[in-house]
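Colleague: would you be able to build a 3D model of this:
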Amino acid sequence: MKKIFRRRDFLKTLGWGAASLPLASFSQSCKKETIEEVRLPNFVLIFIDDMGYADVGCYGATGYETPNIDRMAEQGMRFTSFYVAQAVCSASRAALLTGCYPNRIGIFGAYSDQAKVGINPDEETIAEVLKKKGYATACFGKWHLGHHHQFLPLQNGFDEYLGLPYSNDMWPVEYDGTALPEGHSKLRYPPLPLIEGNEKVAEIRTLEDQDTLTTKYTERAVQFIEKNRDRPFFLYVPHTMVHTPLGVSDKFRGKSEQGKFGDVMMEIDWSVGEILKTLAKHGLEENTLVIFTSDNGPWMNFGKHAGSAGLFREGKGTSWEGGVRVPCIMRWPDQIPQGTVCDKMSATMDVLPTLAAITGAALPQNKIDGVNILPLLKKDPDANPRDHLFYYYGKQLQAVRHGRWKLHFPHGYRSYEGVEPGKGGLPGPYAQGETGLELYDLVNDIGEKHDVVAKYPDVVERLTALGERARKEMGDGEMVGEEVRPPGRIE
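Modeller: Numbers count the residues shown, from 1 in each chain. Below you'll find the model as predicted:
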């Protein structure tokens with residue numbers, strides 16, 4: 001059954017005028033009704049793993065092209081100040097799907113096959129929010145919010161799932177695909193399970209197996225769209241790539257000047273193109289919001305097998321901008337102005353409340369941290385729904401941003417500076433970085449190179465107070481926050 005509701009209610013929810021909505025989306029009501037009705041919009045959320053800020057053509061990538069993703073930017077909005085909540089896999093995905101800082105819901109790090117915890121069933125995901133409005137939902141790709149039955153996608157709002165339960169390097173094979181020596185720590189891992197629904201249907205044992213993943217997810221995404229083209233749907237595609245070890249099909253192997261990483265990004269772009277083409281084929285383009293973004297910055301000690309953070313400092317696993325600021329493009333023809341750039345701050349946590357606002361869905365009963373960024377999508381010049389951001393890594397509050405200012409609190413961090421990156425798909429070492437209380441002007445110093453803490457004591461005082469608010473609610477290190485909720489846990 002098609003899920004529809006009154007045009008005037010839809011317009012009121014969106015805050016857009018009637019002229020801005022595509023006429024093709026409406027159908028004449030029957031019998032005595034003359035009010036036009038509209039189907040709820042579809043949503044496609046494409047989430048890349050370890051893709052840095054400068055890994056897409058329109059963000060400055062070199063050595064390969066991403067024409068489909070770039071076309072999304074030409075037809076929609078490109079964000080330049082878009083953030084993840086933490087620069088690590090499980091925490092980042094928890095924030096995206098629940099609209100919460102991971103510290104609020106007790107999810108940290110990157111879960112392995114040994115994890116006894118996962119997403120709490122009391123937390124509502126985007127899929128659960130949208131199912132209340134009659135949406136079909138699917139997840140094809142890397143889940144990473146717990147691999148036990150109660151934590152998997154089908155128990156958290158999704159109708160369909162195919163993918164890996166955690167990262168593709170959590171297997172008993174070296175990063176370059178070779179056998180491991182006796183006693184190596186990675187030998188404790190079982191072969192990677194490929195899960196369909198709630199059951200393992202195959203094992204990913206070799207790099208050749210990894211080569212098939214992007215195509216598998218894409219084919220299932222296309223099938224899902226075709227099957228649900230007559231009802232509203234939410235399609236979540238969290239790609240395994242470009243996390244190492246890199247896998248790429250014969251369609252793109254050796255095609256880029258950059259090397260294997262470029263080949264993989266070209267295949268990701270192809271995947272985006274297949275999804276967009278399917279939407280167009282079935283007349284769904286104008287009624288579908290497509291979001292393309294990443295879970296954190298690049299894993300830079302893998303050298304040419306990793307991406308680039310561009311002008312930003314450091315990468316994955318840090319609270320410097322290279323770790324947490326990621327590319328984001330949103331495309332929704334006739335709703336989002338074409339070829340626009342948004343410099344206002346926003347985050348993956350904001351996706352859930354924004355989709356809820358578009359559909360009129362109720363927000364989760366538990367407190368969330370995301371904000372509705374519809375005013376940004378409408379290019380409202382006075383809109384500023386997110387004026388601050390907390391940078392946590394693990395349980396530690398490492399920085400806070402308010403407007404142009406970012407204050408780092410004293411902390412140690414793994415660093416990619418001053419060390420030789422790995423080669424041939426193998427990782428290089430980390431350095432160890434240390435920062436004191438440091439203030440940066442992100443408008444004039446996006447590389448966080450010039451500490452101005454001594455020049456602006458009033459700014460330091462204001463951001464310190466903001467940080468105290470986060471500590472009280474969500475904790476800091478050994479300090480337990482007053483508003484922290486537990487993760488799910490198996491008995």
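
Colleague: ranges for the helices of the stretch 251-400 of the chain?
Modeller: Secondary structure of the stretch 251-400 of the chain (DSSP state H, counting those that start in this stretch): helices located at 260-281, 321-324, 351-359, 374-377.

Colleague: can you tell me which of these is most buried?
Modeller: Each of the helices of the stretch 251-400 of the chain was scored by mean neighbour count; the highest is helix 321-324, a mean of 30, by mean count of other CB atoms under 10 Å. C-beta here means a position set from N, CA and C on the backbone, and glycine is covered the same way.

Colleague: residues in contact with residue 234?
Modeller: 42, 43, 45, 126, 127, 130, 135, 136, 137, 138, 355 (CB atoms under 8 Å, 6 or more residues apart in numbering).

Colleague: which of these are buried?
Modeller: Buried by 16 or more other CB atoms under 10 Å: 42, 43, 45, 126, 127, 130, 135, 136, 137, 138, 355, out of the contacts of residue 234.

Colleague: circling back: may I see the helices of the stretch 251-400 of the chain organised as JSON lines, with mean pLDDT added?
Modeller: Putting the helices of the stretch 251-400 of the chain into JSON lines (pLDDT from 0 to 100) gives the following:
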{"stretch": "helix 260-281", "mean pLDDT": "98"}
{"stretch": "helix 321-324", "mean pLDDT": "98"}
{"stretch": "helix 351-359", "mean pLDDT": "98"}
{"stretch": "helix 374-377", "mean pLDDT": "97"}
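
Colleague: and the gap between residue 255 and residue 121?
Modeller: 44 Å (CB to CB, to the nearest Å).

Colleague: so which of the helices of the stretch 251-400 of the chain comes closest to residue 416?
Modeller: helix 321-324 (8.5 Å; CB to CB).

Colleague: figure out how far that closest one is from the centre of its chain.
Modeller: Distance, stretch centre to chain centre, for helix 321-324: 13 Å (CA atoms, centre = their mean, to the nearest Å).

Colleague: can you name the residues in contact with it?
Modeller: Under the contact criterion CB under 8 Å, 6+ apart, helix 321-324 has outside partners 52-53, 83-87, 296-298, 300, 309-310, 312-318, 391, 406, 442, 446-448.

Colleague: give me the buried positions along stretch 411-420.
Modeller: 411, 413, 414, 415, 416.

Colleague: before we move on, the earlier item: what about burial for the contacts of helix 321-324, which qualify?
Modeller: Among those, the ones that count as buried by 16+ other CB under 10 Å are 52-53, 83-87, 296-298, 300, 309-310, 312-318, 391, 406, 442, 446, 448.

Colleague: so which of the helices of the stretch 251-400 of the chain is nearest residue 465?
Modeller: Nearest of these (CB to CB): helix 321-324, 21.8 Å.

Colleague: for residue 194, which three-state class applies?
Modeller: strand (DSSP: H, G, I helix; E, B strand; the rest coil).

Colleague: surely it touches residue 210?
Modeller: No: contact between residue 194 and residue 210 fails when scored by CB atoms under 8 Å: they sit 10.7 Å apart.

Colleague: okay, the two: which has more neighbours?
Modeller: More crowded of residue 194 and residue 210, by other CB atoms under 10 Å: residue 210, with 25 against 18.

Colleague: just to revisit the earlier point, what do residue 194 and residue 210 both touch?
Modeller: Common contact partners of residue 194 and residue 210 (CB under 8 Å, 6+ apart): residue 204.

Colleague: quick one: the strands in the stretch 101-250 of the chain, in order.
Modeller: For the stretch 101-250 of the chain, the strands defined by DSSP state E, counting those that start in this stretch occupy 117-118, 136-140, 160-163, 192-196, 199-204, 233-238.

Colleague: likewise the stretch 301-450 of the chain?
Modeller: Using DSSP E, counting those that start in this stretch, strands in the stretch 301-450 of the chain cover 325-331, 340-342, 346-347, 388-393, 396-402, 405-408, 411-415, 431-435, 438-441.

Colleague: distance to residue 399 added to the strands of the stretch 101-250 of the chain, as TSV?
Modeller: Formatted as TSV, the strands of the stretch 101-250 of the chain follow (distance: least, CB to CB, whole Å):
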stretch	distance to residue 399
strand 117-118	26
strand 136-140	31
strand 160-163	32
strand 192-196	34
strand 199-204	36
strand 233-238	26
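
Colleague: those strands into a markdown table, with extra columns for mean pLDDT?
Modeller: Conversion of the strands of the stretch 101-250 of the chain to a markdown table gives the following (pLDDT from 0 to 100):
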| stretch | mean pLDDT |
| --- | --- |
| strand 117-118 | 98 |
| strand 136-140 | 99 |
| strand 160-163 | 98 |
| strand 192-196 | 98 |
| strand 199-204 | 98 |
| strand 233-238 | 99 |
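
Colleague: residues in contact with residue 167?
Modeller: With CB under 8 Å, 6+ apart, residue 167 has these contacts: 49, 89, 110, 142, 144, 240, 243.

Colleague: which segments of the chain make up each domain?
Modeller: Per automatic domain parsing, the domain ranges recorded for the chain read 4-38, 42-387, 390-489.

Colleague: any idea which of those domains is most buried?
Modeller: Mean neighbours per residue, mean count of other CB under 10 Å, is largest over those for domain 42-387, with a mean of 21.

Colleague: on that earlier part again, could you dump the contacts of residue 234 to a markdown table with distance to residue 488?
Modeller: Formatted as a markdown table, the contacts of residue 234 follow (distance: CB to CB, whole Å):
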| residue | distance to residue 488 |
| --- | --- |
| 42 | 29 |
| 43 | 25 |
| 45 | 22 |
| 126 | 17 |
| 127 | 16 |
| 130 | 21 |
| 135 | 23 |
| 136 | 25 |
| 137 | 19 |
| 138 | 22 |
| 355 | 23 |
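
Colleague: ok, so of the residues you listed, who is nearest residue 382?
Modeller: Of the contacts of residue 234, the one sitting nearest to residue 382 (CB to CB) turns out to be residue 355, at 22.7 Å.

Colleague: from residue 65, how far off is that closest one?
Modeller: Distance from residue 355 to residue 65, counting by CB to CB: 30 Å.

Colleague: phi, psi for the residue nearest to residue 95 when sequence neighbours are not counted please.
Modeller: Closest residue in space to residue 95, ignoring its immediate chain neighbours: residue 85 at 3.5 Å, by CB to CB, 6 or more residues apart in numbering. As for residue 85, its main-chain torsions (degrees, to the nearest 10) stand at phi -80, psi -30.

Colleague: my guess is residue 257 meets residue 263, correct?
Modeller: No: between residue 257 and residue 263 there is no contact under CB under 8 Å: 10.1 Å.

Colleague: okay, and the common contacts of the two?
Modeller: Contact criterion CB under 8 Å, 6+ apart; residues shared by residue 257 and residue 263: residue 64.

Colleague: where does residue 96 sit: helix, strand or coil?
Modeller: Applying three-state DSSP: residue 96 is helix.

Colleague: tell me the contacts of it?
Modeller: Counting by CB under 8 Å, 6+ apart, residue 96 has contacts 45, 47, 84, 126, 295, 348, 349, 351, 352.

Colleague: give me the local confidence score for it.
Modeller: At residue 96, the predicted lDDT confidence score is 99.
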